[in-house]
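In: only geometry, no sequence info:
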């Protein structure tokens, strides 16, 4: 092996800050995570999944709040459950409240700075409170804050000791649109500065605005990973049932069937007037409907997906992953 190749490999190893290797976690008969292997370095990685998918369990393992049932967890080369030194390089925004109603934002952030051994806790607190947009409210009691403002207090606490690794569990919950944009921009900058940021969400649009890589977890299994654009294609261009309502929609559905864009057509029952079509590729269907509606003279009042919830979307990824032999 050449010295150049060795240098590249060593640089990659140094860059890895977060590692899960063959990690499973179960609580009694409930499997929260199943055989997850991930290695993360600098930049923002999105952890995407429906509620109960295992996102919070993965973050709790990395934070050291619990230990894996099997497998190995490392943060900056340390076992987060066994080595308290990990918290010198680790910032956490956990799910749940996590703030004191009776104390001011500044008091709480300064307290965390002292716990982490920051030399100038007052100055550090002021800097991160400014970064999250809380300078004007810093000396107010947090009990009077909105949920979004309390979320930003938690983010300031996570940042005050300038950590190399950030674990953020749904940090944008409760924020208004302006706050979301500001925090998304802040997290993206932290990744660009070389920090390793793992942020969970159930909203792909938020994740893809700040993350260079996305991990998709369904029912405790890692079923997809890649760049945000690739993950979006997996989520969007998938088999779907679509309802067509309007005039001459049966003729439209027949034209879609003739061109191979749908695999079945059926009328709705129970007094409904729509037609349900099964499309193997949603994007191709969406592109063809306006053209074929014009050809058949159909007048569409509504085109909508049936069963369009996050669970069904992620279930498709599970089936795709199994088909790929994952």
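Out: That came through fine. Note that this is a predicted model, so its numbers are computed, not measured. Numbers count the residues shown, from 1 in each chain.

In: quick one: the strands in the stretch 101-250 of the chain?
Out: For the stretch 101-250 of the chain, the strands defined by DSSP state E, counting those that start in this stretch occupy 165-169, 196-201, 213-218, 221-226, 240-247.

In: what does the longest one contact?
Out: Which is strand 240-247. Strand 240-247 has contacts (C-beta atoms under 8 Å, 6 or more residues apart in numbering) with 252-253, 268, 273-279, 282, 285, 289, 297-308. Just so you know, the C-beta spots here come from the backbone N, C-alpha and C atoms, and that holds for glycine as well.

In: can you check the first one too?
Out: Taking contacts as C-beta under 8 Å, 6+ apart, the residues outside strand 165-169 that touch it are 17-18, 55-56, 59, 62-63, 75-76, 89-95, 155, 158-159, 187, 190, 195-200.

In: Can you list the low-confidence ranges for the stretch 1-150 of the chain?
Out: For the stretch 1-150 of the chain, residues meeting the criterion pLDDT under 70 lie at 1-14.

In: Mind putting the strands of the stretch 101-250 of the chain into CSV with distance to residue 101?
Out: As requested, the strands of the stretch 101-250 of the chain are arranged in CSV below (distance: least, C-beta to C-beta, whole Å):
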stretch, distance to residue 101
strand 165-169, 20
strand 196-201, 25
strand 213-218, 33
strand 221-226, 37
strand 240-247, 46
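
In: In JSON lines, list those along with mean pLDDT.
Out: Putting the strands of the stretch 101-250 of the chain into JSON lines (pLDDT from 0 to 100) gives the following:
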{"stretch": "strand 165-169", "mean pLDDT": "96"}
{"stretch": "strand 196-201", "mean pLDDT": "94"}
{"stretch": "strand 213-218", "mean pLDDT": "90"}
{"stretch": "strand 221-226", "mean pLDDT": "88"}
{"stretch": "strand 240-247", "mean pLDDT": "88"}
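
In: So this structure: which segments form each domain?
Out: Here the domain assignment for the chain is 3-234, 237-323, based on automatic domain parsing.

In: hey, which of the ones you listed is tucked in deepest?
Out: Comparing the domains of the chain by mean neighbour count (mean count of other C-beta atoms under 10 Å), domain 3-234 comes out on top with a mean of 18.

In: Distance from that domain to the middle of the chain?
Out: 11 Å (C-alpha atoms, centre = their mean, to the nearest Å).
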